[in-house]
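In: Predicted model and sequence follow; I will ask about them next.
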Amino acid sequence: MLDALNREDRLQLMRFVCSFAWADLEITEREREFIVKMVIRLDLDDEEQEQVAQWLEVPPRADDLDPADIPKEHRQLFLDAAKAMILSDGNVEDVEAENLVILDQLLR
């Protein structure tokens with residue numbers, strides 16, 4: 001399914017994944033490892049990898065995170081990736097769970 005994403009969709013997915021990593025205001029080593037694995041699985045080019053690296057230093061802007069912009073055919077993928085992100089460190093904070101519920105509701 002990941003290979004069906006075009007460049008814009010891949011970056012949008014990583015923008016959401018990184019925003020979920022920042023939900024509790026810190027990125028753990030396990031979350032960072034998860035993101036690196038996603039970068040590899042998505043086969044991001046150098047420019048895309050640099051953008052993700054920037055999101056690991058500074059969270060994506062909220063204005064750039066509109067769930068309505070997620071293509072309908074990819075919404076489940078985005079939800080699954082966000083869920084995997086919050087589970088990646090073995091500790092689901094309340095704010096992470098709440099954000100996932102909100103994203104799910106907005107994508108329905």
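Out: Great, that's in hand.

In: And the residue nearest the centre of the chain?
Out: residue 17 (1.0 Å; Cα atoms, centre = their mean).

In: Pretty sure that residue sits against residue 83.
Out: No: with the criterion set as Cβ atoms under 8 Å, residue 17 and residue 83 do not qualify as a contacting pair; they are 10.4 Å apart. Where C-beta positions appear, they are placed from N, C-alpha and C, glycine not excepted.

In: give me the element the residue nearest to the centre of the chain is part of.
Out: Element membership for residue 17 (DSSP states H and E) is helix 7-21.

In: other SSEs contacting the helix or strand hosting residue 47?
Out: Assessed by DSSP H and E, residue 47 sits inside helix 46-57. Applying 3 or more Cβ pairs under 8 Å, 6 or more residues apart in numbering; DSSP states H and E, one finds that helix 46-57 makes contact with helix 7-21, helix 29-42.

In: List the buried residues of the shortest one.
Out: It stands for helix 29-42. Buried residues in helix 29-42, counting neighbours by 16 or more other Cβ atoms under 10 Å, are found at 31, 34-35, 38-39, 42.

In: Switch those residues over to a markdown table; also include distance to residue 71 and pLDDT.
Out: Output for the buried residues of helix 29-42, formatted as a markdown table (distance: Cβ to Cβ, whole Å; pLDDT from 0 to 100):
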| residue | distance to residue 71 | pLDDT |
| --- | --- | --- |
| 31 | 25 | 95 |
| 34 | 23 | 97 |
| 35 | 22 | 97 |
| 38 | 18 | 95 |
| 39 | 21 | 96 |
| 42 | 16 | 95 |
